[in-house]
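1. Show me the folded form of this:
(chains A and B)
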Amino acid sequence: MMPTDPQLIADILAAQGGDPSAEARVVDVALPLVLGWCASLGGPTVDFEDAAHDALEVVLGRLDSIQDVSAFRSWLFGITRRTLAKHRRRAWVRRWVPGMDISHTQDPGHSPQTQAELSELSKAVQKALDQLPEPQREVLVLCDLEERSDSEAAEILGVPKGTVKSRLRLGRKRFRKELERRDASAALDPISHPGGAL
Amino acid sequence: MSERDALQALLSERDLSGAESRLRDRLQAGASITPWIKELPKPNYSATHRVRTRLRKPAPSRAWVGGLVLAFGALIALGSTQLPQDPVPLAQPLARAGQADITPDLQAAWQGSGRITGTAEAPVVLWDKGSLHLELTPNQGVDLQVRTREASVLVLGTVFDVDRDVLGTTVSVTRGSVQVNCTQGPSASLNAGEQHTCLPVSAAASASRLQSLQNKDSQTRRDEIARAMTLEDAQGAVLSELLALRLELNAQDQDWSAVQLDALAYLEIGGPREVEIRTLAAQLQQRAGDCTGVRALLSGVDKLSDREQSVLNTCK
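-> Below is the predicted model of the structure:
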């Protein structure tokens, strides 16, 4: 089990009582989690900053309605998941709006060339992950990217630990298959030809 | 060196074709997929800062209120004349179709009619009919409201549309969030991608709305009729039209006793569909074997239709 931090519980309760500084502290905890989930689970078509913003607006708007404060992360993940689903449905609009390129992975620590390569690799991995069913995608991100335990992932997702394990096994297998399939069809071209499709 | 570091090192090499083939080898050799997952985009400090900046600002602590009061008192005590300037009033009609920068932080595009009042800091858009598209820059301290007869929309920094037509007032949010308070029916807090319709506040408008809801399910229309019947102007011709609409629904559901009750209520009030409904009521009475009822319905009528005459004849 992943107990919710007692300080966080206190802050949520205080925020529900109208304490703005407690609300700000809750945002401090929620923002990196939501932003990270949106970035890794959003896929290549979703502007993860927009999605995170919208999810956090919902969080702030519904903070009063949390029934089980100790399950805050699970509640937060549920809101993020629903917000991402909405953004994916609307993603097609972005194809028709010029200038809405999604590139939030700039890392000033790399040279432009390396950055371009990493960015292409990042998009390639995103696309491969995007082919997985959502439940498998979620456990891969929680367990392999965020390095959470099976129990933590199970609590966040609200499913039994055994389900997490089986999803993880299937997800890893399918993810590998996706990468291999793409590799077989010159999938890694973007690494040597930035700008090409995976 | 970790798997991830090794991959990064490979990617940093100038000989990209060599790196590519070694990556491929690594993948085919059945190595862990974890390094690949780690390549997913990670939000950096700038992204976190941007999202935090866009979020609505928490309500100011009450502790500030005392300070503000003290500061204001000090200003008065000093006899200062440097009080803030009066807010700039807004008065702009919105007619036909157009677009305009209402203030530096508020852009509007519209097709329909309405007007803008209030101040630059607290603009109020009174929207009469048609479509209105608004874009408000977030976190600029602008307190925007949009009002229609059916709805009052409180807006945080956002992009959204307001459509007022026969169905009521529909608010659709493209970005950000708004609070929609309906004069009638449930209110809603909307986020990007969501929309909410505030229902008409008059029974007459509701009857028009019902005509446009022919393809909706029976229960939705039934609920709408029940709501409209409670409105203040649900009387006379408007009430009889609502009864006729409910009668149609009951007939579709083959609830003949309810049809009969609606028909009798309609005839009590009167209306343009009187003949049609009287005939129907008579047929139902006849089917129920109630010739007394049939005669009561038809005996005083000056000119009976052929069908009514036929129904009456069966009771002679």
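2. And the next helix or strand past the helix or strand hosting B:Leu239?
-> Here B:Leu239, judged by DSSP states H and E, is contained in helix B:236-252. Using DSSP H and E, the helix or strand that follows helix B:236-252 in sequence is helix B:256-269.
3. For that next one, buried residues please.
-> If you call a residue buried by 16 or more other Cβ atoms under 10 Å in any protein chain shown, then helix B:256-269 has these buried ones: B:259-267. Any C-beta I mention is one placed from the backbone N, CA and C, and that applies to glycine too.
4. What segments of the stretch 151-300 of chain B are strands?
-> For the stretch 151-300 of chain B, the strands defined by DSSP state E, counting those that start in this stretch cover B:151-155, B:158-165, B:168-175, B:177-182, B:188-191, B:195-198.
5. So which of these is nearest B:Leu247?
-> strand B:168-175 (23.7 Å; Cβ to Cβ).
6. Number of residues surrounding the residue in chain A that chain B sits nearest to?
-> Here chain A gets closest to chain B at one residue, A:Pro20, 3.7 Å apart by Cβ to the nearest Cβ. For A:Pro20, the count of nearby residues is 17 (other Cβ atoms under 10 Å in any protein chain shown).
7. Which residue, neighbours along the chain excluded, lies closest to the residue nearest to the spatial centre of chain A?
-> In chain A, the residue lying closest to the centroid (Cα atoms, centre = their mean) is A:Trp37, at 2.0 Å. Leaving aside its chain neighbours, A:Trp37 sits nearest to A:Thr80 (4.8 Å; criterion: Cβ to Cβ, 6 or more residues apart in numbering or on different chains).
8. Show me where the stretch 151-300 of chain B dips below the pLDDT cut-off.
-> For the stretch 151-300 of chain B, the stretches with pLDDT under 70 are B:156-157.
9. can I assume B:Ser240 is in contact with B:Leu267?
-> No - with contacts counted by Cβ atoms under 8 Å, B:Ser240 stays clear of B:Leu267, the gap being 9.0 Å.
10. quick one: which helix or strand includes A:Leu13?
-> helix A:6-16.
11. What is the nearest of the buried residues of helix B:256-269 to A:Leu56?
-> B:Asp262 (50.5 Å).
12. contacting residues around the closest one?
-> B:243-244, B:246-247, B:250 (Cβ atoms under 8 Å, 6 or more residues apart in numbering or on different chains).
13. Make JSON lines from those residues and add distance to A:Lys123 and neighbour count to it.
-> Converted to JSON lines, those look like this (distance: Cβ to Cβ, whole Å; neighbours: other Cβ atoms under 10 Å in any protein chain shown):
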{"residue": "B:Leu243", "distance to A:Lys123": "62", "neighbour count": "25"}
{"residue": "B:Ala244", "distance to A:Lys123": "60", "neighbour count": "20"}
{"residue": "B:Arg246", "distance to A:Lys123": "57", "neighbour count": "23"}
{"residue": "B:Leu247", "distance to A:Lys123": "61", "neighbour count": "23"}
{"residue": "B:Asn250", "distance to A:Lys123": "59", "neighbour count": "20"}
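14. Relative to chain A, which of those residues is nearest.
-> So of the contacts of B:Asp262, ranked by how close each gets to chain A (Cβ to the nearest Cβ), first place is B:Arg246, at 36.3 Å.
15. Quick check: closest non-adjacent residue to that closest one.
-> In space, and not counting its chain neighbours, B:Arg246 is closest to B:Ile225: 5.0 Å by Cβ to Cβ, 6+ apart.
16. Based on its surroundings, how many neighbours for that neighbour?
-> With other Cβ under 10 Å as criterion, B:Ile225 counts 20.
17. Please tell me I have it right and it contacts B:Leu245.
-> Yes - between B:Ile225 and B:Leu245 there is a contact under Cβ under 8 Å: 5.8 Å.
18. Between those two, which contacts overlap?
-> B:Leu210.
19. care to break chain A down by domain?
-> A:6-94, A:112-191 (automatic domain parsing).
20. Without its sequence neighbours, what residue ends up closest to A:Arg62?
-> A:Ile79 (7.5 Å).
21. Quick one: residues contacting the one you found.
-> Here A:Ile79 is in contact with A:34, A:55, A:58-59, A:62 (Cβ under 8 Å, 6+ apart).
22. Tell me which helix or strand it sits in.
-> Per DSSP H and E: A:Ile79 is located in helix A:72-96.
23. what's the burial count for the nearest residue to B:Leu154 once chain neighbours are set aside?
-> Distances taken as Cβ to Cβ, 6+ apart put B:Gln179 closest to B:Leu154, at 4.3 Å, once the chain neighbours are dropped. Using other Cβ under 10 Å, B:Gln179 has 16 neighbouring residues.
24. so what's B:Gln179 up against?
-> Per Cβ under 8 Å, 6+ apart, neighbours of B:Gln179: B:153-154, B:187-190.
25. Surely B:Val178 is in contact with B:Ser152?
-> No - counting by Cβ under 8 Å, B:Val178 stays clear of B:Ser152, with 10.5 Å between them.
26. Tell me which of these two has more neighbours.
-> Higher neighbour count among B:Val178 and B:Ser152: B:Val178, with 26 against 17, using other Cβ under 10 Å.
27. tell me which residues in stretch A:153-166 are buried?
-> A:153-157, A:163-164.
28. Which of those sits closest to B:Val142?
-> When the buried residues of stretch A:153-166 are compared against B:Val142 (criterion: Cβ to Cβ), the nearest one is A:Ile156, at 37.4 Å.
29. Doesn't the closest one lie inside a helix?
-> Yes - remark: A:Ile156 belongs to a helix, assigned using DSSP: H, G, I helix; E, B strand; the rest coil.
30. If we ignore the residues flanking it in sequence, what's nearest it?
-> A:Phe77 (4.9 Å).
31. same thing with B:Leu247?
-> Using Cβ to Cβ, 6+ apart, the nearest residue to B:Leu247 is B:Asp262, at 3.9 Å.
32. From chain A, how far off is the one you found?
-> 41 Å (Cβ to the nearest Cβ, to the nearest Å).
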